[in-house]
Structure formats: structure tokens, C-alpha cells
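Novice: What follows is a predicted structure for the sequence shown.
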Amino acid sequence: MKRDLILAIDLGTTGCKTIVFDKNGNDISEGYEEYESIYLSPTWIDHDPQTWLDATQNTIRIALEKLNFDPEQIEAIAVTSQRATFTPVNEKGTPLANAMLWQDKRAVKEAKLVEEKIGNDYIYEKTGVNIDPYFTLPKLMWFRDNKREKYKKMYKFLSVDSLIINYLTGEFVMDWTQASRTMLFDLDNFKWDYEIAEKMEIDTSKLPETIEPGEIAGSLKNSIADELGLPADIPVVAAGGDQQCAAVGLGIIKSDLVEANTGTGSFVLAHSDQSVRDDKKRIISSASAVAGKWVMEAGIFTTGSVYRWFRDNFGGVEIDTGHKLGMDPYEIMNAEAKESSAGANGLLLIPHFAASGAPYWNPDANGVLYGLALGHERSDVVRSFLEGIALEINKNIEIIEELIGDPQEVRVSGGATKSPLFNQIQADVYNKPVIKTNYKESSALGAAILAAKSVGVYGDLDSAVNKMVRLDSSSRKLPRENKNKIYNKVQNLHDDIYKSLNNNNIYEKSSDINNYIAELEK
């Protein structure tokens with residue numbers, strides 16, 4: 001029997017998808033299960049690792065039940081997941097405590113200690129990332145100092161996909177894309193930086209073995225194969241971090257393309273054949289899912305989530321109308337935004353609703369809706385939200401252009417790109433063609449592509465991408481020169497507003513006032 005199906009497991013922040021792809025990139029069947037994190041406080045976020053294991057088992061079973069093919073046809077299992085989340089495990093791979101989620105910010109003190117002992121310049125040059133509690137090293141330091149007995153018992157710390165790979169194969173490995181999000185990885189040489197670990201008193205024996213992204217980590221264990229109803233000899237591929245896999249799933253394996261993935265936040269990724277650093281440290285660099293290559297990456301914390309915030313807090317009319325007409329409230333909001341014109345009649349949104357990520361990296365930054373006047377209408381406000389998201393993304397695309405050259409096309413994905421209007425705004429702001437692919441689950445598809453290449457379904461990655469990634473030609477939006485001229489002026493003002501507030505310490509003063517009020521209300 002010919003075996004040419006790939007089972008891809010994608011463990012996101014809020015749910016797990018298992019999708020079976022054929023060799024042409026078609027999704028044959030899938031399973032999905034949601035899970036919830038544990039909010040100890042707004043900034044302390046744990047997660048029970050058992051929910052990832054349960055969701056993996058359940059979604060595999062669901063996908064197989066829907067499968068109209070014999071499971072014997074499955075050629076490989078590929079695993080991808082969220083990044084910068086870690087779970088401490090013992091020698092058997094059993095979690096010793098809850099995982100600390102990538103969104104967790106409790107390790108602020110530990111991040112400052114890394115700054116004092118090593119300095120951000122060295123960390124950025126060596127690892128490609130800035131010092132931040134988002135990354136794994138400060139979290140590990142917090143765990144060591146606050147969970148001492150469990151830290152002593154910890155055999156290895158594992159990323160989410162590494163935990164699932166261990167469950168499937170028994171191997172303790174972490175691929176380069178995940179390792180490059182730890183603040184402990186020598187990005188130029190693709191190996192652990194033991195000097196950083198030792199300076200910060202991290203036991204280097206607890207670092208898992210690193211392997212190339214797309215490498216076969218091991219074979220499915222007999223006991224797990226029996227449990228899941230799969231052949232025992234299936235190779236399990238460490239596909240890597242979800243955003244790097246998404247880039248592959250969008251065909252971003254060469255430097256003339258850039259990805260803008262807009263969901264809750266936005267990730268802007270571009271492929272690079274060289275290891276590049278930004279002198280101003282505005283964007284970071286990570287290992288690519290294309291082994292031996294790199295990605296330039298900008299993470300923007302709040303983009304799609306601010307549009308949802310408007311819907312939830314001010315979109316009662318749209319929600320009620322959508323319910324009556326059987327329409328998505330976002331469709332109604334998008335139709336309203338279309339009634340306004342480019343530039344939203346002078347309204348500008350700065351979407352820093354939960355601090356600022358790239359390119360500013362300002363934890364005190366706030367959202368700003370600038371230019372309100374009595375003549376403005378609801379349609380102007382709604383449009384300003386879509387434009388503000390695109391303008392923030394464009395700042396990072398322009399930095400990527402400075403560093404590695406001008407991309408000729410922007411490939412977009414994520415929930416926000418369901419809106420043709422938003423995609424046209426993106427094309428006009430970026431002054432580049434914007435296009436979607438036919439398949440929305442780009443991380444899972446990218447993982448399947450990497451596995452298909454690794455197990456020999458395709459001889460090389462180019463062939464796998466050319467066959468499995470299909471562009472949606474009907475979604476292509478071309479930039480319009482007259483609109484781009486408007487957005488160039490709006491972009492400059494957008495940046496000036498942020499800089500004026502920041503340079504005059506307005507964000508810091510606002511944060512001080514908020515802290516003062518919070519103390520009084522205790």
C-alpha cells in the first residue's frame with residue numbers, strides 16, 4: 001500500500017489541531033480540541049501539560065475516525081507548536097509542574113538580572129533576541145529560584161512540541177527553531193550557548209538535545225501506536241515553531257517574499273540566507289524551519305485583538321444585526337469601514353492595547369485614537385482600526401527591507417485576512433501585492449511540507465512547497481498609487497505621534513498614574 005499521507009499536529013495557545021494532508025497539500029481530515037490556560041494573575045499564566053497530551057490523543061483519534069483511508073497510508077507525523085513555553089519533565093518525560101506559557105510575564109526581575117550580568121547587546125548579538133520575560137531563560141531562572149525541589153528533579157525542560165514528541169517517541173529533543181526562542185541558543189552556529197547558561201546558573205545538563213527542524217526525531221512507540229490505532233514504524237518529525245512553520249506553509253522559503261500573519265496579534269516574517277542583526281534591535285532573528293537558514297521576525301502584540309475589542313465593547317449594533325441576518329458581525333463592520341475613505345478622514349489608531357512589540361518594544365505604550373472631531377462617523381472609526389493595524393505591520397516590513405532587501409510580495413494569513421477590504425488596505429499601505437493561500441492553517445501545512453520532504457515524499461523542499469502550497473489568485477490585491485501616497489503621509493504622522501508621546505515620557509507618566517490609582521483602590 002502506498003503511504004503518502006502526513007498527519008500534522010499543531011498545538012496552539014488555545015487549542016490543538018490534528019490534520020491529515022495528502023501529498024498535494026489537501027486536508028483529508030482533521031480533529032480539533034480547545035483547552036484553557038491557568039491565569040494565576042493577569043501576567044502569571046500557567047498551563048496544565050496534560051491538556052496538551054489529552055488533546056493530541058483526542059484529535060488524532062477524531063482525525064482518524066473521519067479518515068476515508070487506511071491509517072497504514074500515513075507516511076509520517078509532524079509536530080509544531082507555540083513557542084517560548086516550557087514544561088519541566090523527569091527522566092520518563094512526566095511533567096513535574098505546570099508549564100509556564102509564552103505569555104507569562106512573571107520573570108521581570110530575572111530578565112533584569114540577565115541585563116545586569118550579561119547585557120542586552122551581547123544577548124541580542126549571540127542569540128538574535130532581546131532580553132524579555134517572554135523568552136525561556138528568565139522563566140527557567142524564576143522556576144529554579146521559586147520551585148527549587150522540582151528544579152532539582154527536572155531532567156529536561158521541553159517546549160510544547162518537544163513534550164509531544166517525547167510522548168510519541170520517548171526522545172528528549174528540541175529543534176533549532178524552538179531553541180532559538182530560549183535566549184540560550186547560539187544562533188549563528190545552531191547550538192546551545194553554554195556560557196550564557198553558566199553565567200545565569202542554569203544547569204546545562206537540563207538542556208535537551210537540539211536537532212534540525214524537519215529532522216526525524218524518532219519512531220512512534222509500539223505502546224502509543226496501539227493506543228492511537230497507528231502503525232508503529234511511523235517516523236515523527238520535529239517540524240518546529242508554529243510561526244516558522246507558517247512561513248513554510250505560505251511558501252516563504254526565499255528572501256523575495258514576506259509573511260504578515262494577523263490573528264490576535266501579528267507576526268511579520270521574512271526568510272534570510274544569512275544571519276542578520278538589526279543595529280537598533282527593533283526586530284529579532286530566529287532559526288528558520290528551513291534548516292541552516294534564518295528568519296527576520298517582528299511580533300506585534302495586539303492587532304486583530306483590537307478589532308475584536310471594538311466589536312465586543314462598541315459593536316452591539318453589529319452583533320445584534322449579525323444575529324438577525326445570520327451574518328458575522330465582522331462582515332458588517334467591514335462593510336461600514338468601506339463607507340469611509342483612505343486615511344479614515346484623519347483618524348489614526350495606534351494599536352498598542354497591551355504594550356508595544358516590534359519595532360518599539362515599549363512595555364508602557366498604550367493605544368491611541370488620534371484626530372477625533374464632531375464630523376467623524378462610525379465608519380471612520382472602524383476603518384481607522386483596520387488601517388492602524390496595517391500601518392503598524394508596515395513599520396516592520398520597512399525595517400526588513402532595510403536589512404535584507406525589498407520583498408516583492410506579501411503573503412497574508414490569519415483571521416483578519418477574511419476581509420477583502422483589509423487585504424486591499426494592506427496592499428495600499430505596503431505598496432506591494434498582497435495574496436492569500438488556499439489553505440488557512442498555514443502552520444500545520446508547513447509542518448506537513450517539512451515532513452513530506454524529510455521522509456522522501458519529495459526530494460527537496462522547493463518541490464514540496466511548489467506542490468503543496470497553492471495561492472488563491474482571486475484574493476490578490478494590487479497596490480493603488482493614489483492610495484499609497486495618502487498612506488505614506490499617514491504613516492509618517494502615525495510614527496510621529498508615537499515618538500512625541502514616548503519622547504515626552506507620556507506613556508511612563510500614564511503608567512505611574514495608573515499604578516497610583518490602583519494602589520489607592522486596594
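Specialist: That came through fine. Not measured: the values here are computed from a predicted model.
Novice: quick check: domain ranges of this structure?
Specialist: Per the record, the chain has its domains at 5-244, 251-302+403-477, 304-394+483-520, by automatic domain parsing.
Novice: Would you mind giving those as TSV with mean pLDDT added?
Specialist: Shown next, in TSV, are those (pLDDT from 0 to 100):
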stretch	mean pLDDT
domain 5-244	95
domain 251-302+403-477	94
domain 304-394+483-520	94
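Novice: can I get these in JSON lines with mean neighbour count?
Specialist: Just so you know, the C-beta spots here come from the backbone N, C-alpha and C atoms, and that holds for glycine as well. Shown next, in JSON lines, are the domains of the chain (neighbours: other CB atoms under 10 Å):
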{"stretch": "domain 5-244", "mean neighbour count": "20"}
{"stretch": "domain 251-302+403-477", "mean neighbour count": "21"}
{"stretch": "domain 304-394+483-520", "mean neighbour count": "17"}
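Novice: Got phi/psi on Ser474?
Specialist: phi -70, psi -20 (degrees, to the nearest 10).
Novice: Distance check, it against Asp328.
Specialist: 19 Å (CB to CB, to the nearest Å).
Novice: Same check on Phe353?
Specialist: Going from Phe353 to Asp328 by CB to CB gives 22 Å.
Novice: Do a quick rundown of the strands in the stretch 401-522 of the chain.
Specialist: All strands of the stretch 401-522 of the chain, identified by DSSP state E, counting those that start in this stretch, fall at 409-413, 434-437, 471-477.
Novice: Spit out the contact partners of Ser29.
Specialist: With contacts defined as CB atoms under 8 Å, 6 or more residues apart in numbering, Ser29 is in contact with Ile19, Val20, Ala63, Leu64, Lys66, Leu67, Asn68.
Novice: so what's the residue lying closest to the third one once chain neighbours are set aside up against?
Specialist: Spelled out, that is Ala63. Using CB to CB, 6 or more residues apart in numbering and skipping residues adjacent in sequence, the residue nearest Ala63 is Gly31, 4.2 Å away. Residues in contact with Gly31, defined by CB under 8 Å, 6+ apart, are Lys17, Thr18, Asn58, Thr59, Ile60, Arg61, Ile62, Ala63, Lys66.
Novice: again with Lys153
Specialist: Listed by CB under 8 Å, 6+ apart, the contact set of Lys153 reads Asn90, Leu96.
Novice: swap in Thr262?
Specialist: Thr262 touches Thr303, Gly304, Ile389, Ile393, Val412, Ser413, Gly414, Gly415, Ala416, Thr417, counting by CB under 8 Å, 6+ apart.
Novice: Glu297: which of the residues you listed is nearest?
Specialist: In terms of CB to CB, no member of the contacts of Thr262 lies closer to Glu297 than Ile393, at 12.6 Å.
Novice: my read: that closest one touches Asn261, true?
Specialist: No - between Ile393 and Asn261 there is no contact under CB atoms under 8 Å: 9.8 Å.
Novice: Could you name every residue contacting both of these two?
Specialist: The contact sets of Ile393 and Asn261 overlap at Val268 (CB under 8 Å, 6+ apart).
Novice: separation between the closest residue in space to Asn120 that isn't next to it in sequence and Tyr507?
Specialist: Ranked by CB to CB, 6+ apart and with sequence neighbours excluded, the top spatial neighbour of Asn120 is Ile131, at 4.9 Å. Computed as CB to CB, the Ile131 to Tyr507 distance reads 20 Å.
Novice: If you count residues, where's the longest helix of the protein?
Specialist: helix 378-404 (DSSP state H).
Novice: re earlier: arrange the contacts of Gly31 in JSON lines, one row each, with distance to Ser463 as further columns.
Specialist: Formatted as JSON lines, the contacts of Gly31 follow (distance: CB to CB, whole Å):
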{"residue": "Lys17", "distance to Ser463": "25"}
{"residue": "Thr18", "distance to Ser463": "25"}
{"residue": "Asn58", "distance to Ser463": "34"}
{"residue": "Thr59", "distance to Ser463": "29"}
{"residue": "Ile60", "distance to Ser463": "28"}
{"residue": "Arg61", "distance to Ser463": "32"}
{"residue": "Ile62", "distance to Ser463": "31"}
{"residue": "Ala63", "distance to Ser463": "26"}
{"residue": "Lys66", "distance to Ser463": "28"}
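Novice: Among those residues, find me the one that's closest to Gly299.
Specialist: Lys17 (21.4 Å).
Novice: which strands and helices sit next to whatever helix or strand the closest one lives in?
Specialist: Applying DSSP states H and E as the criterion places Lys17 in strand 15-21. Where contact means 3 or more CB pairs under 8 Å, 6 or more residues apart in numbering; DSSP states H and E, strand 15-21 is packed against strand 5-11, strand 27-34, helix 49-66, helix 442-454.
Novice: To Glu377, which of those lies closest?
Specialist: So among these, helix 442-454 is nearest, using CB to CB, at 35.8 Å.
Novice: roughly how far is that closest one from the heart of the chain?
Specialist: How far helix 442-454 lies from its chain's middle: 16 Å, per CA atoms, centre = their mean, to the nearest Å.
Novice: Report the inter-axis angle for it versus strand 15-21.
Specialist: Compare the direction of helix 442-454 with that of strand 15-21 by axes from the mean of the first three to the mean of the last three CA atoms, to 10 degrees and you get 40 degrees.
Novice: ok, Ile404 touching Met296?
Specialist: Yes - between Ile404 and Met296 there is a contact under CB under 8 Å: 6.2 Å.
Novice: Mind listing the shared neighbours of those two?
Specialist: Taking CB under 8 Å, 6+ apart as the contact rule, Ile404 and Met296 both touch Ala270, Ser272, Val276.
Novice: In strands, which of these appear?
Specialist: The strands, defined by DSSP state E, take in Ala270, Ser272 from those.
Novice: Using TSV, please lay out the shared contacts of Ile404 and Met296 together with distance to Arg470.
Specialist: Converted to TSV, the shared contacts of Ile404 and Met296 look like this (distance: CB to CB, whole Å):
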residue	distance to Arg470
Ala270	21
Ser272	25
Val276	30
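Novice: So Gly218: helix, strand or coil?
Specialist: strand (DSSP: H, G, I helix; E, B strand; the rest coil).
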